[in-house]
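*Asks:* Fold the following and give me the result.
(2 chains)
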Amino acid sequence: GAGVSQSPSNKVTEKGKDVELRCDPISGHTALYWYRQSLGQGLEFLIYFQGNSAPDKSGLPSDRFSAERTGGSVSTLTIQRTQQEDSAVYLCASSYREGRTDTQYFGPGTRLTVL
Amino acid sequence: DAKTTQPNSMESNEEEPVHLPCNHSTISGTDYIHWYRQLPSQGPEYVIHGLTSNVNNRMASLAIAEDRKSSTLILHRATLRDAAVYYCILRGLGAGNNRKLIWGLGTSLAVNP
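*Replies:* Model prediction:
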């Protein structure tokens, strides 16, 4: 079956513009995660969705960042008024549940460049 | 969350075994040890996980120390395609512990032809 897909694969934008990044998780996966990976760094947790529960937004770096997950499936990460420090690869992952043994399946990421 | 420490980089020759170490001295009794790897320009992919016993799958083997304070990922015959960053992560009980996996810098493995 299809894995996690993300679009666009690359996004170049100007400072101050808004951007939307999309994630299509694996069908049937209730858990969805967004991460950010700056150049040469590890993964930084941003936000987590589990079913119909309220999302865990504790990793969002500022109020310019927001995310939605519609119908328990597709998710959109929105960054408003982008800044140069927002440049990074944004990774989405999904898993069947959030258990200790559940595997996270990652998408290929969206490389965001803010000029 | 418990932390892990890994060497920044390692080097291997093609078709030779590779042993990637990970220290997790503060691991709790209920933490699972997971390994992921990230190939260049790709998202991370799952490799293997275990709790106490050694584990084998088609990709690798995981050797877990008796006191569980360290583990070793074993690639039995490295190929050029195994060049990647390898992450060792602990996943435990409790709401929120797993969603905020602490991903360090991992070990960057270079494989020489």
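*Asks:* residues in contact with the nearest residue to A:Gly28 once chain neighbours are set aside?
*Replies:* Setting aside the residues directly before and after it, A:Gly28 is nearest to A:Tyr96 in space (Cβ to Cβ, 6 or more residues apart in numbering or on different chains), at 6.9 Å. Where C-beta positions appear, they are placed from N, C-alpha and C, glycine not excepted. Going by Cβ atoms under 8 Å, 6 or more residues apart in numbering or on different chains, A:Tyr96 touches A:Gly28, A:His29, A:Thr30, A:Ala31, A:Asp102.
*Asks:* Would you format those as a markdown table with pLDDT, neighbour count and secondary structure included?
*Replies:* Shown next, in a markdown table, are the contacts of A:Tyr96 (pLDDT from 0 to 100; neighbours: other Cβ atoms under 10 Å in any protein chain shown; DSSP: H, G, I helix; E, B strand; the rest coil):
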| residue | pLDDT | neighbour count | secondary structure |
| --- | --- | --- | --- |
| A:Gly28 | 91 | 10 | coil |
| A:His29 | 92 | 18 | coil |
| A:Thr30 | 90 | 17 | coil |
| A:Ala31 | 91 | 20 | strand |
| A:Asp102 | 85 | 20 | coil |
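*Asks:* Quick check: closest non-adjacent residue to the residue in chain B that chain A sits nearest to.
*Replies:* Closest contact between chain B and chain A, by Cβ to the nearest Cβ, is at B:Gly43 (3.1 Å). Spatially, and ignoring its direct neighbours in sequence, B:Gly43 is nearest to A:Phe106 (3.1 Å; Cβ to Cβ, 6+ apart).
*Asks:* Return the residues in contact with the one you found.
*Replies:* A:Val4, A:Leu91, A:Cys92, A:Ala93, B:Gly43, B:Pro44, B:Glu45 are the contacts of A:Phe106 under Cβ under 8 Å, 6+ apart.
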